[in-house]
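Trainee: fold the stuff below for me.
(chains A and B)
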Amino acid sequence: NAGVTQTPKFRVLKTGQSMTLLCAQDMNHEYMYWYRQDPGMGLRLIHYSVGEGTTAKGEVPDGYNVSRLKKQNFLLGLESAAPSQTSVYFCASHRRGTSEGNEQFFGPGTRLTVL
Amino acid sequence: AQRVTQPEKLLSVFKGAPVELKCNYSYSGSPELFWYVQYSRQRLQLLLRHISRESIKGFTADLNKGETSFHLKKPFAQEEDSAMYYCALRGTGNQFYFGTGTSLTVIP
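Mentor: So this is what the prediction gives:
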């Protein structure tokens, strides 16, 4: 049981390049989230999904797109990377319902640098 | 507005001293609050949630609706408690709002 995994762990991009971050979970969770973590800003929600085929905007969605084609995967795309998107990106998931009190399980993070 | 505020970015205490990490929230409904911890080179993990009223690793947190607070407390800090602590609020539409975090250092 791997939990939540993220690919890649590190990436360096040039301004204007595109890339996709992959999040995968093997816990059959309905909800999945993408956050960015910046010094002094804490975690901010980018996009999230409440089920396969559905996505919604979070607090800081501009410059990002997401897709949830399969229940276990949640992809975060940067179409044209900008230096302001240099950050550590975390994926998280949790089960629907209140039996676990909505505990989120986090991935190890992806450190992205945009030059 | 839904918001979580952690006023202390850095907090240092001596081993064996009490520790309190402050968290205040803004939410119009009945809040669901959490404390997450991130130890060095590890992923974020749940420490405790108010709905369970549990004590984990000696930490407790009480929801005070009058003061809109959910402060994290431990009577005797240990060196292994040094970490980054985040307070989080589950808001409407299953969005989660995190505070900016408090970095706790326990001095031997």
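Trainee: the strands in chain B, which residues?
Mentor: Residue ranges of the strands in chain B, as given by DSSP state E, are B:3-5, B:10-14, B:19-21, B:24-26, B:32-38, B:45-49, B:60-61, B:72-74, B:83-90, B:96-98, B:102-107.
Trainee: with adjacent residues omitted, what lies nearest to residue A:8?
Mentor: Closest residue to residue A:8 in three dimensions, ignoring its sequence neighbours and counting by Cβ to Cβ, 6 or more residues apart in numbering or on different chains: residue A:110, at 6.2 Å. To be clear about C-beta, it is placed using only N, CA and C from the backbone, and glycine gets the same treatment.
Trainee: and for residue A:23?
Mentor: Nearest in space to residue A:23, with sequence neighbours left out and distances taken as Cβ to Cβ, 6+ apart, is residue A:91 at 3.4 Å.
Trainee: which parts of chain A are strands?
Mentor: A:4-7, A:10-13, A:19-25, A:31-38, A:42-51, A:54-57, A:65-67, A:73-78, A:87-94, A:105-106, A:110-114.
Trainee: closest one to residue B:66 among these?
Mentor: strand A:42-51 (24.9 Å; Cβ to Cβ).
Trainee: just the buried positions in that closest one, please.
Mentor: Residues A:42, A:43, A:44, A:45, A:46, A:47, A:48, A:49 are the ones in strand A:42-51 that count as buried (16 or more other Cβ atoms under 10 Å in any protein chain shown).
Trainee: could these go into TSV alongside pLDDT and distance to residue A:35?
Mentor: Output for the buried residues of strand A:42-51, formatted as TSV (pLDDT from 0 to 100; distance: Cβ to Cβ, whole Å):
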residue	pLDDT	distance to residue A:35
A:42	89	9
A:43	93	4
A:44	94	6
A:45	95	6
A:46	97	6
A:47	97	10
A:48	96	9
A:49	95	13
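Trainee: out of those residues, who's near chain B?
Mentor: Counting by Cβ under 8 Å from any Cβ of the partner chain, the subset of the buried residues of strand A:42-51 that neighbours chain B consists of A:42, A:43, A:44, A:45, A:48.
Trainee: which residues touch the fourth one?
Mentor: I take that to be residue A:45. Counting by Cβ atoms under 8 Å, 6 or more residues apart in numbering or on different chains, residue A:45 touches A:33, A:34, A:35, A:58, A:59, A:60, B:95, B:96, B:97.
Trainee: switch the cut-off to 7 Å
Mentor: A:33, A:35, A:58, A:59, B:95, B:96 (Cβ atoms under 7 Å, 6 or more residues apart in numbering or on different chains).
Trainee: could those go into TSV alongside neighbour count, distance to residue A:75 and pLDDT?
Mentor: Formatted as TSV, those follow (neighbours: other Cβ atoms under 10 Å in any protein chain shown; distance: Cβ to Cβ, whole Å; pLDDT from 0 to 100):
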residue	neighbour count	distance to residue A:75	pLDDT
A:33	24	13	97
A:35	28	15	97
A:58	21	15	93
A:59	16	19	91
B:95	16	19	88
B:96	25	20	91
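Trainee: tell me which of the residues you listed is nearest to residue A:103?
Mentor: Closest to residue A:103, out of all of these and judged by Cβ to Cβ, is residue B:96, at 10.8 Å.
Trainee: beta partners of the closest one?
Mentor: residue B:90 (DSSP bridges).
Trainee: am I right that it is in contact with residue B:90?
Mentor: Yes - with contact defined as Cβ atoms under 7 Å, residue B:96 reaches residue B:90; the gap is 5.6 Å.
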